[in-house]
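A.B. asks: show me the folded form of this:
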Amino acid sequence: MKALYFAWVRERVGRAEEEISPPPEVGTVGELIDWLKSRDETYAHAFENAAVIRAAIDKAHARHDAAIAGAREIAFFPPMTGG
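C.D. replies: A predicted model of the protein is given here:
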């Protein structure tokens, strides 16, 4: 699946997107975040406060307990502000 990173998540990870292949036991957005954090220090820093990270699965907003099975794209971004 493709992982997309936006705003300061992108800056901390050091890339805008990448192809990822999480292990089969990673089944939800939250588990994917935990797996990404375990990859190296840059991901650990980007996702250190996972509770504030928002996600979208195939362009639809998703909660951290949403299943990722079959997803083609998962995007991660910080909270959005408007005005």
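A.B. asks: switch to C-alpha atoms for all contacts and neighbour counts from now on
C.D. replies: Fine.
A.B. asks: against residue 8, how distant is residue 25?
C.D. replies: Separation of residue 25 from residue 8 (CA to CA, to the nearest Å) stands at 28 Å.
A.B. asks: surely residue 76 is within a helix?
C.D. replies: No - using DSSP: H, G, I helix; E, B strand; the rest coil, the assignment for residue 76 is strand, not a helix.
A.B. asks: can you get me a residue count around the residue lying closest to it once chain neighbours are set aside?
C.D. replies: Nearest non-adjacent residue to residue 76, counting by CA to CA, 6 or more residues apart in numbering: residue 55, 4.6 Å away. Residue 55 has 24 neighbours, counted by other CA atoms under 10 Å.
A.B. asks: check residue 58 too.
C.D. replies: Neighbour tally, residue 58, other CA under 10 Å: 15.
A.B. asks: repeat for residue 18
C.D. replies: The burial count for residue 18: 12, using other CA under 10 Å.
A.B. asks: so in the chain, which helix runs the longest?
C.D. replies: Counting residues, the longest helix found in the chain (DSSP state H) is helix 29-37.
A.B. asks: distance of the nearest residue to residue 10 once chain neighbours are set aside from residue 24?
C.D. replies: Nearest residue to residue 10, sequence neighbours excluded (CA to CA, 6+ apart): residue 16, at 5.4 Å. To residue 24, residue 16 is 24 Å away according to CA to CA.
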